[in-house]
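1. I would like to see how this sequence folds:
(chains A and B)
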2 protein chains.
Amino acid sequence: MAKSYRWKKQLKKTLGQVRCASFLTARLTSQQKKKILQDVSRQLICSEKKIIRENQRDLRTAKQEGLSSAMLDRLTLTPKRIREMAEGVRAVASLPDPIGRVVKRWKRPNGLVISRVTVPIGVILIIFESRPNVTAECASLCLKSGNAVILRGGREAFYSNRVLVSIFDEVLRRYRLTGSCIGFVQTTDRQAVDFLLHQDKEIQLVIPRGGEQLIRKVAETSRIPVVKHYQGICHVYVDQKADSKKAVNIAFNAKMQRPGVCNAMETLLVHRKIASRFLPELGRKLREGGCEVRGDAAVKKILPWAQKATPEDYGCEFLDKVLAVRVVSDIDEAMAHIQKYGSGHTDAIVTQDSKAAKIFRDRVDSSSVMVNASTRFSDGFQYGFGAEIGISTDKIHARGPMGLEGLTSYKYVVEGNGQVRT
Amino acid sequence: MAKSYRWKKQLKKTLGQVRCASFLTARLTSQQKKKILQDVSRQLICSEKKIIRENQRDLRTAKQEGLSSAMLDRLTLTPKRIREMAEGVRAVASLPDPIGRVVKRWKRPNGLVISRVTVPIGVILIIFESRPNVTAECASLCLKSGNAVILRGGREAFYSNRVLVSIFDEVLRRYRLTGSCIGFVQTTDRQAVDFLLHQDKEIQLVIPRGGEQLIRKVAETSRIPVVKHYQGICHVYVDQKADSKKAVNIAFNAKMQRPGVCNAMETLLVHRKIASRFLPELGRKLREGGCEVRGDAAVKKILPWAQKATPEDYGCEFLDKVLAVRVVSDIDEAMAHIQKYGSGHTDAIVTQDSKAAKIFRDRVDSSSVMVNASTRFSDGFQYGFGAEIGISTDKIHARGPMGLEGLTSYKYVVEGNGQVRT
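-> Have a look, this model is predicted:
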């Protein structure tokens, strides 16, 4: 009880400071933001030894606690990874300033000139799991968009995250900014997250980054708007009029280029009229690549070596070299399947028929709809946003890959000459 | 218990139907939406007698229950009000279709063409208090933006709301659309609202329309994103370099043109250097108009008849002919006051000094910032949106007056020619 009281008091103080700092970050000029982030980038390189020392502290505990080698790898910072992190911060520094842009401007008959101008959101809470490079990524994106941020990383990466935040702090102080522009949750108490998720006066947006379980917990607890996606159950539908070679390339790329990410394909839908022409070639490549195929009866007729798909395989996010395949009798059946099993993340059609492409494009209600391209392109960098803070499958505020623009709000500025309402 | 079970079962069924209907409304063409709403408008006029009969049922109960005359007035539907309602629906019919617009379109170096296209949000829940014309307003805005809607009106207006929804139904059926495009909550059980606010799979957005208490309750309970504003504590700051005549007109209009609405001024801030020139004239007009003035010591020196302001008067939403006034020593003090007491709705500066205007415009973080114009202009119709579903003081999704555009989301359409990711 006494312990909980201590962190609550500490957190309340942090929250107040970050809220005040957000008024300062909102007023930074484009030039200032650019210079601050360039300095942070340099400082990260200079602080390599310190960062690795703190990272070692995390790694020692992690090893004692028996974390998996995959987890240990994600946690580890090497000189190369620190350089990459610094380059990432530098890249954000040179992106165009998303704040203060006049998005629209129009004149009313009474002479009022109305502008819609982008502004920062305020304070953004980011809750993430073990990869400490998320700290540098999120802190620079939030600063660039004029927001203050509160970071709550995984317990395993506590010392690594803390030292990274301290490097931002150091630079911010040089610019006479309080370190509170980037708040860091000092306690690893799990209740602290619940507490933060109820502070809807101090925090304007929550972005959870991590596994589905983390995101569900955040969404269920939060009183603050959450931008998120739970799962990426992405489909590729190969239409009867697909170019078979393109279809093989796209499907193979969508599944195999990086199977563990949210924009990888999980289910392939094939029009029955093209199945016997298309599936053998793709099947051969998948098999060579070590990918397990789980198909319905029609698939098994063509690929006898495939596993039989269970109903649970459709709508499953394998995040692995496993693919569910189903033969459909037309585009409507494909779209009905996507509506039933999809997660609204990214779905693709491969077809040379512009009518089929239009139907699919218009009716499939996913955050990204691909025509003759791999689902793997659904990504902020690939869309040319220069950076990505996350991907949203929600319909509110931001949808799809979210770059700096997703971290802004807007206000209306109305300029008159004494107009009053009659 | 048995009763609660009954409405829960009923509501679940309604929710499922509305969700399915939302896939149909999303696919309506611009022409169809226009014709449907024009037909509804005509049908409202033809159904005048039926509407008034049902409205009488509500009014009888309301009188028995002793509702205030203001409440009774808001509840009453007259032939004139029905005509106005029908005109409102017709006006929405002729607005440009907000759906399917390509907001941006760009080409990537690899040849992919990416478009950001507006789409409906899905199912919108609208919770409102007694005015039954909200039913027609919200139903037509949601339909026009391709959304399905669930309406939950006040208990007092149950029969009036039900008959209005049935008129939409009648027309929708003529277009072979299920009446479920506009769901109506049949139970008046208060727990039904709590139940609905937890259905984040079926409902994508909640818009509460009504008093602060209603909105707070909705925001606290909801697991679904809520677009809202609690209060409109709007300020007018009269700068030392204001045109005194304009300032008098703007301040008088902001307070008196319609004191009971959210964009009316509640506190006036006056630069000390202009106070003795400006306040007597405004004071005279306010006093003549029957407006109570509550001022600090500096104000009372100039307007001896004014009441003394208590600390609670600043930041109070009077919604009446009452005005808090404070003399400030500079623009910074004015902006600090607004930051402390404002609700982020609408704040105005009156000045001929373009530097002061710029500082105020850039730093005041309200959804609408007015320069030399009355706060009363902060309104969807005044901004030229053609209609208004509400005003948001949140920073997420929509901010300020919200028209049809606030009822849309978007998706990315990526068109390629076989591109895969390397």
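2. what sits against the spatially most distant residue from the centre of chain A?
-> Going by Cα atoms, centre = their mean, the residue of chain A most distant from its centre is A:T422, 47.6 Å out. The neighbours of A:T422, taking Cβ atoms under 8 Å, 6 or more residues apart in numbering or on different chains as the test, are B:Q257. To be clear about C-beta, it is placed using only N, CA and C from the backbone, and glycine gets the same treatment.
3. so it, which of the three states?
-> Under DSSP: H, G, I helix; E, B strand; the rest coil, A:T422 falls in the coil class.
4. pLDDT at it, what is it?
-> pLDDT for A:T422: 91.
5. how about the residues of the stretch 51-200 of chain A by chain B?
-> Within the stretch 51-200 of chain A, the residues that sit near chain B (Cβ under 8 Å from any Cβ of the partner chain) are A:G100, A:W106, A:R108, A:L112, A:I114, A:V119, A:I121, A:G122, A:D200.
6. ok, A:T61 touching A:G154?
-> No. Judged on Cβ atoms under 8 Å, A:T61 makes no contact with A:G154 at a distance of 11.8 Å.
7. more neighbours: these two, which one.
-> The neighbour count for A:T61 versus A:G154, taken as other Cβ atoms under 10 Å in any protein chain shown, is higher for A:G154 (22 against 15).
8. so that one makes contact with A:S130?
-> Yes. With contact defined as Cβ under 8 Å, A:G154 counts as touching A:S130 (4.4 Å).
9. quick check: closest non-adjacent residue to A:K395.
-> Distances taken as Cβ to Cβ, 6 or more residues apart in numbering or on different chains place B:S409 nearest to A:K395, at 3.9 Å, with adjacent residues excluded.
10. and for the one you found, the neighbour number?
-> Around B:S409 there are 25 residues (other Cβ under 10 Å).
11. measure A:L151 to B:A139 for me?
-> As judged by Cβ to Cβ, to the nearest Å, A:L151 and B:A139 stand 44 Å apart.
12. quick check: pLDDT value at the nearest residue to A:Y230 once chain neighbours are set aside.
-> Nearest residue to A:Y230 in three dimensions, chain neighbours excluded: A:E212, at 5.2 Å (Cβ to Cβ, 6+ apart). A:E212 carries a pLDDT score of 90 in this model.
13. same question, A:R6
-> A:R6 is given a pLDDT of 83.
14. now do the contacts for it.
-> Per Cβ under 8 Å, 6+ apart, neighbours of A:R6: none.
15. and it, which of the three is it?
-> Secondary structure assignment for A:R6 (three-state DSSP): helix.
16. phi, psi for A:V18 please.
-> phi -70, psi -40 (degrees, to the nearest 10).
17. my guess is it meets A:C142, correct?
-> No. Taking contacts as Cβ under 8 Å, A:V18 lies outside contact range of A:C142: 10.7 Å.
18. re earlier: the more surrounded of A:L151 and B:A139?
-> B:A139 (26 against 23).
19. tell me the secondary structure at that one.
-> Here B:A139 is recorded as helix under three-state DSSP.
20. repeat for the one 4 residues further on
-> For B:L143, the secondary structure call by three-state DSSP comes out as helix.
21. neighbours of it, just the number please.
-> Applying other Cβ under 10 Å, we find 27 residues neighbouring B:L143.
22. pLDDT at it, what is it?
-> B:L143 carries a pLDDT value of 97.
23. distance check, it against B:S160.
-> Distance, B:L143 to B:S160, by Cβ to Cβ: 19 Å.
24. before we move on, what about A:V103?
-> Distance, A:V103 to B:S160, by Cβ to Cβ: 40 Å.
25. more neighbours: the two, which one.
-> Applying other Cβ under 10 Å to A:V103 and B:S160 shows that B:S160 carries more neighbours, namely 28 against 11.
26. OK, contacts around the more buried one?
-> Residues in contact with B:S160, defined by Cβ under 8 Å, 6+ apart, are B:I51, B:E54, B:N55, B:D58, B:L75, B:L77, B:P132, B:T135.
27. wasn't it part of a helix?
-> Yes. Under three-state DSSP, B:S160 falls within a helix.
28. now it: how far from chain A?
-> 30 Å (Cβ to the nearest Cβ, to the nearest Å).
29. ok, residues contacting stretch A:240-255?
-> Stretch A:240-255 is contacted from outside by A:234, A:236, A:238, A:264-265, A:268, A:271-274, A:277-278, A:281-282, A:285-286, A:289, A:291, A:321, A:323, A:348, A:350-353, A:356, A:372-376, B:417-418, B:420-421, using Cβ under 8 Å, 6+ apart.
30. change it to 7 Å
-> Stretch A:240-255 is contacted by residues A:236, A:238, A:264-265, A:268, A:271, A:273-274, A:277-278, A:281-282, A:285-286, A:291, A:323, A:348, A:350-353, A:356, A:372-376, B:418, B:420-421 when judged by Cβ atoms under 7 Å, 6 or more residues apart in numbering or on different chains.
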